[in-house]
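Asker: Pasted the sequence and its predicted model underneath.
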Amino acid sequence: MGGTQTYVTEYQQLDRACLGLGRQDEETAYYFFNEAHGLFKIPRDEYENLRKAYSNDRTKKLKLPLKIICKYRELVMPEFDDNMNEAKIHYLTEGAIHPVDNYSFNFLLEQDYEYAKENLEGLTKLRYGERKRNIAILINPISGKQEAYNIYKTKLRPLLKATRMNYKVYKTDGPDFVDRWVSKLKFKQRTYDEIQETNKEGENESSLICEYTDIVIIGGDGLLALYLNSCYKHHFFDTLIKIPICILPGGTGNALAMDLGGNNIFDLCMNFLRCETIEGDIIRADFEDSKKSILCTALSWGFPSKVIESSSDWRGCLGASRYTACGAKEVLCAGGPWNMRSHHLTKVEHNPGLPDDITRTLISKRKIEEDKETDEENLKEQAAVPIIESEEIKSDKSCYTSNLSYKLVKTDSMKGHNIYKGEFDIKQDQICESDDENIERMSQLGAIINQKDEIDWENIDLKQVSVMVLTTHECRRSGTKDIFAPFSRINDGKMFLCGFKECSKVEMLMMMAKVSAGHGNQVKMSKYFHQEVKQIRIHPRADTSFNIDGEIYESENVIVTCLPKMINLFGKPYDLE
Ligand SMILES: Nc1ncnc2c1ncn2[C@@H]1O[C@H](COP(=O)(O)OP(=O)(O)OP(=O)(O)O)[C@@H](O)[C@H]1O
């Protein structure tokens, strides 16, 4: 438990946020609920006094030594018995693997019970409307220091077990795993209008899209990028991409997870359980020649790309310091003896006139496609996605997966884990698109936002720029204090162009040191710049590459557009200072 401690408080103080006075039957111990602090043990001889005072006059002053025995931030699941006015609460503490504890309380007053029920239910969300949450967990075993599976096992799994949620765990087995996995999702395509209509009837949009209600990604930014882009490729991003995503920091940099509170994984898991989401901004990069579109949260070129490229060989052994070590090496070995102009650009242009409601425009104009029947060939291929763990609470009839449309077949076992293969029901609806169709759809969407010939592009002066980054969020880095863009938040609806103006190698190292200090005070330095932008066109030199959410892409003209509030993410960004 959260450690017992005694403190004195006034009854009046408690009363403001109290959930009710309860009694635990077997041990005849007595408890008091307080929303801010959790659960209190009341000395037995004080109980009768308190009960009388509580029943007669809720504002009466009463000084009591109270023992805190549990805090709500540790609470994971309440169960209720309306006939008995009883709440059963399951607790779990941070850092412990299976310390689930149960307490049952009978509320003395019915109104207290109702009030407590309402408040306690808000602490852990087990359903979306009538539908029980059903979670897909994607783990990249080679991310960062290869701790992703361990994070799942020690942090997330105990909470999922305690709350008896349905979930399936998938380990990636290579770079194309996520793409295969997303392409095989059991997916009910709905049009935007249908979703709006359903919302009016009070149903939750995200519960209607896919067999999973929530996606958990345990890995780095690259794994999230793979997931987003696979959604975009295989299904319309305005539907599937709305399924809320929890990113637990299992990678090296974990820039986005860190900005959502990932330095405390337990708290992030609690955000997930309580369904505390924000609407995140993403970037869409449309490559002009290859007609390829990429979704991401940060994009850079020149110096940062070189650092990412050269540090990839150190994956797994140096952790986050691989970027620092390779960054310093790149600075010292760059170009001329003093100069740090490695932006590798011929031209960068800005379109300041992009409408604010671009996202809505995209959604409403998109082409509506019909679901297609699955044929046997596709079914055979679908069965190839391995599930390493699965927990399905069979008794829950409201669970989408209990309609037998998805079967698990045990095929093997590995290090004590059973390996299953998923097989889909023959009646399953699915979308199966060829690459040509995908390209066609992307270029349709692109045509809406690009319209590049009609845009009055404003040239951005590059004469004095060393490093340029486009980002929708702070870009914190795990394992260090680095914050690259301290003024940006993933849910502020904005994209920023930021970086360092032309500087000497020594100045560059100083700037890097400022970023590493994590105070955000590089913003005050004259060599640092940032500017809000909506759409940017980049003409890179042929010998450079792009770094898009930690992955390297070849040089090509690209139009980069901010899509505000496109994805739902669990967690909470830091307050702007
Ligand atoms: N089983 C696997 N074997 C080899 N590569 C994999 C596997 N699963 C995923 N990948 C590759 O791993 C990369 C993604 O790594 P990820 O972003 O999760 O970790 P990271 O690079 O260490 O962290 P960060 O991006 O936060 O710095 C992608 O390039 C993906 O293709």
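Answerer: Noted; the coordinates are in hand.

Asker: Against residue 354, how distant is the residue in the stretch 401-550 of the chain positioned nearest to the ligand?
Answerer: Residue nearest to the ligand within the stretch 401-550 of the chain: residue 550 (3.4 Å; C-beta to the nearest ligand atom). Backbone N, C-alpha and C define where each C-beta goes, glycine included. Applying C-beta to C-beta, to the nearest Å, the value for residue 550 to residue 354 is 26 Å.

Asker: Of the two, which one has the most company?
Answerer: residue 550 (23 against 16; other C-beta atoms under 10 Å).

Asker: Kindly check the end-to-end length of stretch 458-465 for me.
Answerer: 17 Å (C-alpha to C-alpha, to the nearest Å).

Asker: any idea where the strands of the stretch 451-577 of the chain begin and end?
Answerer: Here the stretch 451-577 of the chain has its strands, by DSSP state E, counting those that start in this stretch, at 458-459, 465-471, 495-501, 528-533, 535-540, 545-548, 551-554, 558-570.

Asker: okay, these in JSON lines with mean neighbour count and mean pLDDT next?
Answerer: As requested, the strands of the stretch 451-577 of the chain are exported to JSON lines (neighbours: other C-beta atoms under 10 Å; pLDDT from 0 to 100):
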{"stretch": "strand 458-459", "mean neighbour count": "11", "mean pLDDT": "84"}
{"stretch": "strand 465-471", "mean neighbour count": "24", "mean pLDDT": "83"}
{"stretch": "strand 495-501", "mean neighbour count": "23", "mean pLDDT": "88"}
{"stretch": "strand 528-533", "mean neighbour count": "17", "mean pLDDT": "89"}
{"stretch": "strand 535-540", "mean neighbour count": "21", "mean pLDDT": "88"}
{"stretch": "strand 545-548", "mean neighbour count": "24", "mean pLDDT": "86"}
{"stretch": "strand 551-554", "mean neighbour count": "16", "mean pLDDT": "84"}
{"stretch": "strand 558-570", "mean neighbour count": "22", "mean pLDDT": "89"}
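
Asker: Mind putting these into JSON lines with distance to residue 118?
Answerer: Output for those, formatted as JSON lines (distance: least, C-beta to C-beta, whole Å):
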{"stretch": "strand 458-459", "distance to residue 118": "53"}
{"stretch": "strand 465-471", "distance to residue 118": "40"}
{"stretch": "strand 495-501", "distance to residue 118": "39"}
{"stretch": "strand 528-533", "distance to residue 118": "41"}
{"stretch": "strand 535-540", "distance to residue 118": "45"}
{"stretch": "strand 545-548", "distance to residue 118": "44"}
{"stretch": "strand 551-554", "distance to residue 118": "45"}
{"stretch": "strand 558-570", "distance to residue 118": "22"}
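
Asker: re the thing from before, per-residue pLDDT, the residue of the stretch 401-550 of the chain closest to the ligand?
Answerer: We have a pLDDT of 80 for residue 550.

Asker: so it makes contact with residue 225?
Answerer: Yes - using C-beta atoms under 8 Å, residue 550 is in contact with residue 225, at 7.2 Å.

Asker: Could you list the low-pLDDT ranges of the stretch 351-500 of the chain?
Answerer: For the stretch 351-500 of the chain, the stretches flagged by pLDDT under 70 are 355-454, 462-464.

Asker: switch the cut-off to 90
Answerer: The model of the stretch 351-500 of the chain has pLDDT under 90 over residues 351-469, 476-484, 498-500.

Asker: interface residues of it facing the ligand?
Answerer: On the criterion C-beta under 6 Å from any ligand atom, the ligand has no neighbours in the stretch 351-500 of the chain.

Asker: rerun at 8 Å
Answerer: For the stretch 351-500 of the chain, the residues in contact with the ligand (C-beta under 8 Å from any ligand atom) are residue 478.

Asker: Same question for the stretch 101-250 of the chain.
Answerer: With the criterion set to C-beta under 8 Å from any ligand atom, the stretch 101-250 of the chain comes near the ligand through 140-144, 148, 171-178, 219-226, 249-250.
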